[in-house]
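> I'll drop the sequence and a predicted model, then ask my questions.
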Amino acid sequence: MAKKKSGSNAVVFWGLANIFYLYEVILRVSPSVMMDDLMAHYAVTASIFGVIVTCFYCSYVALQIPCGLILDKFGPRILVSSSAILSTLGSVLFALTDQIYVAQIGRCMVGAGAACAFTSCLQIASLVFSPKQFAMFAGITNMMGTLGALCSGFPVAKSVNEIGWRQTIFALAIIGMIIAGLVLMIVPKSLQNKNDHPQKDGNDASVNNGDRWPSFMITLKQVLKNKQIILSGLVGGFMYLPVSVFSELWAVPFFMTKYNIDNETASIATSILFIGFAVGSIPVVMVAEKLNGYMRAIRLSISCVAPLFIALVYVHDMYLSFAIVFIIGIFTGAEVITFTCAKNNESSANTGTAIAFANALIMLAGLIFQPLFGLLLDVFWTGAVSMEHGVRIYEFSCYQKAILLTIPTCLVIAYILSLFVKETIHMGKN
């Protein structure tokens, strides 16, 4: 009965962790629809804007492994509670400040608070559900993140246009405080102590018995030496660029420039990509089983996404572009199974750390390529300046060249790396 109760409580916490992950994605992606307002407010170029936004990833990536170690040692209860509060405080700071460096600190705080969100969801799933269900619940978590991205598109753009970017961020901060309150009220009642996670079998005592767990350094060393986790994370990072670089930040200005539309209309394209990403996140598991290989499914995905991105920059019809974006999202959904590969290539006692390390590598790609994309825009800038705000205007050719030099190239690299990832589809089937 105690085990059943613990499992039920953990499922409730898994749901709360997913809600927090949804909120974290909204905070991560929302600056893309505020780009013009933020660049005008701070009088910065695309490169500097990319740096400000990417501060989220600096703390997010840096704290992935520490969060994974804490999750493996103490469970997700305390970590998620404090993280929700930190993200909220970071949002408030970002909305209040007029100084660039303070805005960067705010984004770092948001990123630090969000660092445990996705990893917590997957770690709880690995503890509560059977191994054969893990990939499916990882897909569900991915869909929650997609829902957050959808909320950060058109709804946030509409709010920015009607009440302003500051007020929109304040509203998001209020939502964050509500989530933090729910976590603080419900989580302590749901999980009574750090050892109440249900065991998956009688031999897996390391999940529950803190005295038998390896030290932080031993756990970290084991994970860092695992080349399969590194390869899985790198493949996932390059596969995720259509989301982390294009859809989360640069897609809105790209479509605004290409079709001369406003940010609300352009944000529909990002929403469509996220919808496709959600649609593809769960069926990809069944496709992998049909192909008898996770990496085979990933290589199929990459083979479709790379040429589609090349086509995207040359297509002139907006509706056809939106259709291409949707298909890109569907095939990009295969990225989620790289976490299953990382998990299956490490012992169950180190699940949180393995997932966190893979996630760090995936988000590191966003950390590098978001500002790199902005730098490429500045390199290809033709000298045009807005008469109204005095900020740089980047023509469509700038975006075209930046896209072709980054995303398709990195997808080809991901394909090559996937050839060296050990297949794990037959592992953990019971």
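All right, it came through fine.
> Phi, psi for the closest residue in space to residue 415 that isn't next to it in sequence please.
Among residues not flanking residue 415 along the chain, residue 302 sits closest, at 4.6 Å (CB to CB, 6 or more residues apart in numbering). Every C-beta, even on glycine, is put in place using the N, C-alpha and C of the backbone. Per-residue torsions, residue 302: phi -60, psi -40 (degrees, to the nearest 10).
> Please enumerate the strands of the stretch 51-200 of the chain.
When assigned using DSSP state E, counting those that start in this stretch, the stretch 51-200 of the chain turns out to have no strands.
> Any regions of it where pLDDT drops low?
75, 187-200 (pLDDT under 70).
> in it, which spans are helices?
Remark: helices assigned in the stretch 51-200 of the chain by DSSP state H, counting those that start in this stretch are 64-74, 77-96, 100-114, 117-128, 131-151, 154-163, 165-190.
> in the strand or helix carrying residue 332, what's buried?
Applying DSSP states H and E as the criterion places residue 332 in helix 318-332. Across helix 318-332, burial judged by 16 or more other CB atoms under 10 Å covers 318, 321, 322, 324, 325, 326, 327, 328, 329, 330, 331, 332.
> Can you get me a residue count around residue 286?
12 (other CB atoms under 10 Å).
> Doesn't it belong to a helix?
Yes - under DSSP: H, G, I helix; E, B strand; the rest coil, residue 286 sits within a helix.
> From residue 135, how far off is it?
Residue 286 sits 10 Å away from residue 135, taking CB to CB, to the nearest Å as the criterion.
> quick one on the thing from earlier: mean neighbour count, the helices of the stretch 51-200 of the chain: which tops it?
helix 117-128 (a mean of 28; mean count of other CB atoms under 10 Å).
> Identify the residues contacting it?
7, 10-11, 13-14, 17-18, 20-21, 24, 64, 67-68, 71-72, 76, 79-80, 83, 133-134, 137-138, 141, 144-145, 197-198, 200, 207, 339, 343, 348, 351-352, 355-356, 359 (CB atoms under 8 Å, 6 or more residues apart in numbering).
> Can you say which of the helices of the stretch 51-200 of the chain is nearest to residue 244?
helix 131-151 (10.6 Å; CB to CB).
> by how many degrees do the closest one and helix 154-163 diverge?
Put simply, helix 131-151 runs at 20 degrees to helix 154-163, going by axes from the mean of the first three to the mean of the last three CA atoms, to 10 degrees.
> Helix 131-151 - contacts with which helices or strands?
If you count contacts as 3 or more CB pairs under 8 Å, 6 or more residues apart in numbering; DSSP states H and E, helix 131-151 packs onto helix 2-29, helix 117-128, helix 263-281, helix 283-291, helix 337-344.
> count of residues packed around residue 224?
Neighbour count for residue 224, taken as other CB under 10 Å: 13.
> Just give me the closest of the buried residues of helix 318-332 to residue 34.
residue 325 (20.7 Å).
> List the contacts of the closest residue to that closest one other than its chain neighbours.
Excluding the flanking residues, the one nearest residue 325 by CB to CB, 6+ apart is residue 273, at 4.7 Å. By CB under 8 Å, 6+ apart, residue 273 lies in contact with 242, 243, 246, 247, 251, 325, 326, 328, 329, 332.
> ok, now with 7 Å
247, 325, 326, 328, 329 (CB atoms under 7 Å, 6 or more residues apart in numbering).
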